[in-house]
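K.L.:
have a look; sequence and predicted model below, questions after that.
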Amino acid sequence: MRGALTIYRRELVGMFFGPLAWSLLCVALGLSGWLFLAVVKQSGGDVTASLRYTLGASTALLFLPPLLTMRMISEEDRSGMLEFLLTAPVSDASVVTGKFLAALTFMTLFWSSKLVYAVVIAAVGVAPDWAPLLGGFLGAVLVSGLFCALGLLASAAFSTPMLAAFMAFVANIVVLFLPVFAGLSESEKVTELAASLSVSAHFELFLRGVIDSSAIVFFLVWTAVALFAAVRLVEARRWR
Amino acid sequence: MAVSAERGASERGTGRATRLGIAATVSLNLALAAGAAGGLTWLAARPGLRSRIDLTAGGENTLDANSREVLDGVQGEEPILVDVFLRPLPAPLDQISARAQQRLAGLLRLAWEQRPELVRLTHHALAGPTGAGETEARMRELGITEIGVVVVSRGDRKEIVRFLGDVAEIDIGRPANMPGGYVPPRLLAFRGEEAIVKAVLKVTQGERPHAYFSSGHGERNLYGEDPRDLGLLEAALRQDGFIVKRWVSEEQGAVPDDCAVLALIAPQEPLSPRERDFVREFVDRGGSLIAVPGHRRIAGEGSVSELLEGYGVRVGEGVVSRPYVGAGGSPVYGIPECAEVVVRAEGMAARHPITASLRRAERRVRIVFSRPLERGRKPTGGVLLDLLSASEFTWADLPDEDGVHRWEWDEESEREGPFSLALTSRFPPPLPGPAPPPGTMEERPESRVLGLGAPDLFANVLFDTNRDFLLNAFNWAASREYRVSISPRDPDLRRLELGSGSGLFVLTMAAVVVLPLSCLLLGLGVAFKRRR
């Protein structure tokens, strides 16, 4: 755990003392703010619907985690830093966990901007329904966790950051639109299986203001699987 | 040289084998982890292990308790198919109908979430080439030709829920070029949950219960369209799953065995002793009776008053009246409008299945020319309950010597309110009964009697106002308590004013300028500091 925290701190420092994180945040927040205002106007000022829509905007979910995590393992492997890390007195799991937590912190920071919108809306006199908004925020963080874990997995699996980012992006699309792809199949079992593994369906529960234990378990479990896979791939690098 | 080449080949072979071994180990680990994750996900979604909290202020993700009970109570494994054939109405109703249909879709999704293994929800494509053929095929299979409906079916039973009428009532408003100016369309009522739950009940319950209306004593015309007739009630009961028939004892003899509810609505002549015995025997064997005396007071043997008194409901003298509220709010006496009493939530029994949902929805029951009811001697083991009550600001107006009402309160001769306007009596059937009538949800443990004081309560003229009360009353009498009205809930709308000088400017600045710019400045600051 201590090792993971050390890596986490190192990653955060690296992230926020470099231009990438701030540039990403600036662009993402600008686009997200623009989208939010467009939805506010489109919905005739419906605050709850607009905040939910912005929280559920899958574009940020598709792009940000791969861009954040693409360099975390593959770049360090190319630069030789990973070998140094792996010989340090921290476990492979700590390395992956620390990097994952750093990426998740960034995503949490990004999603918390939606809470800032809500605070501003409350300040101008329309109190949003806070409880479901916080539920949606929790859901967005959980989905981001899953996508960051997939990004780390891609980063561990591929040696170039761009390839890792691309593969993570593809994986995110597959995971997010699994029920749509499954709908192409005529098998009812495939459709049912895809529905039970649907990220969007589980995420939608949070966006509607429902805290569902099965959705929480779903995200935690599959995030853990992706992280576990990333750890095994990092270990495999050691054995090469 | 030969030895070196041999060693190299051996190392290459070992390396490949090692890599294959590592890949196999990693793959096996991942497969096991994925399997375990799949198992955990499956377990977490099991109804017994799953818990759910609805965080919304209006409880918009939660079905009404009655609806949940109905869905949970559905027996058997045969699925309930819900086929949705909806598309927004044409302009100017497009937006309002789309919103209402969205609400309905949300409710259907909640129903599916309540019993995912039982409810099969299909939204059919009604526009574009995708799925149009399948939609048409399904419509043919269901035998429907119209769109704008939701079809709930199970086995060979099906129920059509119409968006307009059953689910939503929409006021089309007024176009801008009409006198009085533009009035936007608006949603008058949304009864989606009630309509869907009723449809589920209709396709999952047993046979349709029979409601018999006595005939041959000057009762109101069951099928008539005049204001005082009962045509609207009859149609609504049929739509609600009842089979409505007339009971003419002269022709049919005793109350038919399949009768679930017998209604004696305002007979103008007394029942014959034989008919009275038929009714008593029916009730004493566990039947349900809804009875209301006519305008013309008939006392004595064979009258509704006498019948009701046997079940603890005594029909009093006079007509319940109240001061009519005139212009400026001043009380007006001496006009027939004084006999119109509106019962609001506070005048309804809080926990009775007939009135509980009406109270919650703050609906009203409109009653005219009602006799006051009193509690009499209750049947053995029975329970009497005041269902509807008139306030203390009422009096029982008595006719003068010529039989004419003056609608003036005479302190000396006329009683003051409050009065009961509807009384229920429940008691264990004193006679052994036949098997419960088909259509009831369970074995009936008690006889049920509902006595009312106002014959016009059932009439076409008041039906729209009193529809839910009357349907609830018949459903209660038929032991279908689940089929009571479910209060509609308004969506929790929180809107930001978009006009000029509004908070939109502040929000724009915060969302598009301040937040991104502060990130940019922080990034520049960090970069500048690092360079130094």
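P.N.:
Done, it's in.
K.L.:
and residue 91, how many neighbours?
P.N.:
You didn't pick a chain, so chain A it is. Number of residues near A:Ser91 (other C-beta atoms under 10 Å in any protein chain shown) recorded here: 16. To be clear about C-beta, it is placed using only N, CA and C from the backbone, and glycine gets the same treatment.
K.L.:
please go with chain B instead
P.N.:
Around B:Ala91 sit 9 other residues, with neighbours defined as other C-beta under 10 Å.
K.L.:
cool, and A:Glu83?
P.N.:
Around A:Glu83 there are 13 other residues, counting by other C-beta under 10 Å.
K.L.:
skipping adjacent residues, who's closest to it in space?
P.N.:
A:Asp77 (7.8 Å; C-beta to C-beta, 6 or more residues apart in numbering or on different chains).
K.L.:
and for B:Asn472?
P.N.:
Using C-beta to C-beta, 6+ apart, the nearest residue to B:Asn472 is B:Ile354, at 4.3 Å.
K.L.:
cool, and A:Trp130?
P.N.:
Across the structure, with C-beta to C-beta, 6+ apart as the measure, the residue nearest A:Trp130 apart from its sequence neighbours is A:Ala118 (7.3 Å).
K.L.:
which secondary element of chain A has the worst mean pLDDT?
P.N.:
Taking mean pLDDT, DSSP states H and E as the measure, the helices and strands of chain A show their lowest mean at helix A:81-87, namely a mean of 75.
K.L.:
chain center to the longest helix belonging to chain A, what's the gap?
P.N.:
Taking DSSP state H as the assignment, the helix of chain A that covers the most residues is helix A:92-123. The chain centre lies 9 Å from the centre of helix A:92-123; the measure is C-alpha atoms, centre = their mean, to the nearest Å.
K.L.:
got the angle between the helix or strand following that helix and helix A:92-123?
P.N.:
Once the chain leaves helix A:92-123, the next helix or strand it forms, by DSSP states H and E, is helix A:130-157. Counting by axes from the mean of the first three to the mean of the last three C-alpha atoms, to 10 degrees, helix A:130-157 points 150 degrees away from the direction of helix A:92-123.
K.L.:
for helix A:130-157, name the packing helices and strands.
P.N.:
Contacting helix A:130-157 under the criterion 3 or more C-beta pairs under 8 Å, 6 or more residues apart in numbering or on different chains; DSSP states H and E are the following elements: helix A:47-55, helix A:58-69, helix A:92-123, helix A:161-176, helix A:199-207, strand A:210-212, helix A:213-239.
K.L.:
list the contacts of the residue of the stretch 151-300 of chain B found nearest chain A.
P.N.:
Nearest to chain A in the stretch 151-300 of chain B, going by C-beta to the nearest C-beta, is B:Pro184, at a distance of 11.8 Å. With contact taken as C-beta atoms under 8 Å, 6 or more residues apart in numbering or on different chains, B:Pro184 is in contact with B:92, B:173.
K.L.:
per-residue pLDDT, it?
P.N.:
The pLDDT attached to B:Pro184 in the predicted structure is 80.
K.L.:
quick revisit: for the helices and strands packed on helix A:130-157, give me a markdown table that also has mean pLDDT.
P.N.:
Supplementary listing: the helices and strands packed on helix A:130-157 in a markdown table, determined by pLDDT from 0 to 100:
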| stretch | mean pLDDT |
| --- | --- |
| helix A:47-55 | 82 |
| helix A:58-69 | 80 |
| helix A:92-123 | 89 |
| helix A:161-176 | 90 |
| helix A:199-207 | 87 |
| strand A:210-212 | 90 |
| helix A:213-239 | 89 |
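K.L.:
just name the most buried of these.
P.N.:
The densest packing among those, expressed as mean neighbour count by mean count of other C-beta atoms under 10 Å in any protein chain shown, is seen in helix A:47-55 with a mean of 24.
K.L.:
how about it as CSV, C-alpha atoms only?
P.N.:
Backbone C-alpha positions of helix A:47-55 (Å, rounded to 0.1, in the frame of the first residue of the first chain) are rendered in CSV as follows:
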residue,chain,number,x,y,z
VAL,A,47,-31.1,22.0,-14.7
THR,A,48,-31.4,18.4,-13.6
ALA,A,49,-31.5,17.0,-17.2
SER,A,50,-28.6,19.2,-18.3
LEU,A,51,-26.3,18.2,-15.4
ARG,A,52,-27.2,14.5,-16.0
TYR,A,53,-26.5,14.8,-19.7
THR,A,54,-23.2,16.4,-19.1
LEU,A,55,-22.2,13.8,-16.5
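K.L.:
I figured the residue nearest to B:Asn472 hits B:Phe474, correct?
P.N.:
No - with contact defined as C-beta atoms under 8 Å, B:Ile354 and B:Phe474 do not form a contacting pair (9.4 Å).
K.L.:
show me the domain layout of chain B.
P.N.:
Structural domains annotated on chain B: B:1-51, B:65-203, B:205-483, as defined by automatic domain parsing.
K.L.:
now the longest one: mean pLDDT?
P.N.:
Going back to what we said before, that points to domain B:205-483. So the average pLDDT for domain B:205-483 ends up being 87.
K.L.:
same question for the shortest one.
P.N.:
Per-residue pLDDT over domain B:1-51 has a mean of 75.
K.L.:
what separates it from the chain centre, distance-wise?
P.N.:
57 Å.
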